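> Generate coordinates for the sequence data below:
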Amino acid sequence: MLTKEISRSIRLSLMIAALAISQRLDAPRIASAINTISRAQETSPPFFEDVVIDQNFSPDPFIVRGMSGGSVPGREIARRRETPTGTCTGYFDEEPDHTIELTSKFDYLKIEVRSPEDTTLIIRGPGGSWCNDDFDGKNPGMIGEWLPGTYYVWIGSFKKDRYFPYTLRITQIK
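Model prediction:
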């Protein structure tokens, strides 16, 4: 899993660099921005966290964060061009951004991505692969019945090598 950690570090570094460039910060202000991000990580949902969920989990919604994007086409990750939940568009890292382990069957579970930019979603787990692009506006998501097991979750960007912050929300609330 060293590759996953390196990928996460690269994306966090890109986020800091993008912040510095977009704000045209000098060295002292870059250090201040890094300290602000570090403090925010202490109080905000974690980046790229893997999740284990049981029935009636709390808090609901459960939220984790990350950076979307990569260079691998969605059809290669999903091993198909389309699924019943949508087309496999966008670009992703090779390794999943998150794993979600469901300890029991869920009659209803909603997984959605929220980002200021156009993101895409691929989930591989028990029963196959599922893709989605525009569940709610430009944000991807999936709802339905979920079997117990481990699900691998990739959050991509619609355009190649573009990286955007996102929150991944998991809820049982309809």
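> Residue ranges in this protein under the pLDDT threshold?
1-46 (pLDDT under 70).
> tell me which element the residue nearest the centre of the chain is part of?
In the chain, the residue lying closest to the centroid (CA atoms, centre = their mean) is Ile155, at 4.0 Å. Element membership for Ile155 (DSSP states H and E) is strand 149-157.
> Packing partners of that strand?
On a contact count with 3 or more CB pairs under 8 Å, 6 or more residues apart in numbering; DSSP states H and E, strand 149-157 meets helix 74-78, strand 91-92, strand 98-102, strand 119-125, strand 165-171. C-beta here means a position set from N, CA and C on the backbone, and glycine is covered the same way.
> List of residues touching the helix or strand just after the fourth one?
From strand 119-125 onward toward the C-terminus, using DSSP H and E, the following helix or strand is strand 128-132. With CB atoms under 8 Å, 6 or more residues apart in numbering as the contact definition, strand 128-132 has outside contacts at 74, 77-80, 82-89, 120-124, 140-142.
> Next, work out how far apart the nearest residue to Val51 once chain neighbours are set aside and Arg124 are.
Excluding the flanking residues, the one nearest Val51 by CB to CB, 6 or more residues apart in numbering is Ile100, at 4.8 Å. Computed as CB to CB, to the nearest Å, the Ile100 to Arg124 distance reads 11 Å.
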